[in-house]
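S.K.: Below: sequence and its predicted model.
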Amino acid sequence: MKLGILVFFLLVFSVSDIALASKPTSPLKVLIEASPAVEAGAAVELTGHIHAFTDINLLNIELLLPAGVQLLSGEPKSSLAIGRGDTKTVTYRVQLPEELVGKLVFRAWAGSKQGVYFSSNAHIDLGQSLNGRVVQGAVVTPFVIKDRDGEKVKQILLK
């Protein structure tokens, strides 16, 4: 009887340890900052930061701009190599329109010959309505867009 109880507790604690195991995370962390603060009609410097948790030989990065935003300096698309634990910084300068609508999206992604694909995005929402007031310059959690049966699905990457 005592042996049965001991085996039961060992099984319960073993299964609970498996359930508490950490979930896989993206090998990239991507952030974007605006300086000075996002204001209608202003020229703003955007700084994108990419931190790698693994070596990546070919990392693609891009800045996606909504309609009305003009790129003044910086390359909207580029590729680079990044080592494990390294952080790379990319700088852009943009001219914002008088009406702030849409999102500035900074995206990094990589693929391999084996078909492994991962990406991480960060964005600045230029004019999100929240209970009747406009929130500007909100930085949003990185996400991955996946295609599921022909439908684009946004998967939020949690720490």
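M.R.: Nice, I can see it. Note that the coordinates shown come from a computational prediction; the quantities given were computed from them, not determined experimentally.
S.K.: Strands of the protein, residue ranges please.
M.R.: 28-35, 43-52, 56-64, 70-73, 77-82, 87-95, 103-111, 117-125, 128-130, 133-135, 138-140, 143-148, 151-156 (DSSP state E).
S.K.: could you dump those strands to CSV with mean neighbour count and mean pLDDT?
M.R.: For the C-beta atoms, the positions are set from N, CA and C on the backbone; glycine is no exception. Shown next, in CSV, are those (neighbours: other CB atoms under 10 Å; pLDDT from 0 to 100):
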stretch, mean neighbour count, mean pLDDT
strand 28-35, 19, 89
strand 43-52, 18, 92
strand 56-64, 17, 93
strand 70-73, 12, 97
strand 77-82, 14, 94
strand 87-95, 15, 95
strand 103-111, 21, 88
strand 117-125, 20, 85
strand 128-130, 11, 42
strand 133-135, 10, 37
strand 138-140, 14, 42
strand 143-148, 13, 62
strand 151-156, 9, 60
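S.K.: Now the phi/psi pair for residue 96, please.
M.R.: phi -90, psi 150 (degrees, to the nearest 10).
S.K.: Look at the residue lying closest to it once chain neighbours are set aside and say how many residues are nearby.
M.R.: Once flanking residues are discounted, residue 96 sits nearest to residue 42: 5.4 Å by CB to CB, 6 or more residues apart in numbering. Number of residues near residue 42 (other CB atoms under 10 Å) recorded here: 15.
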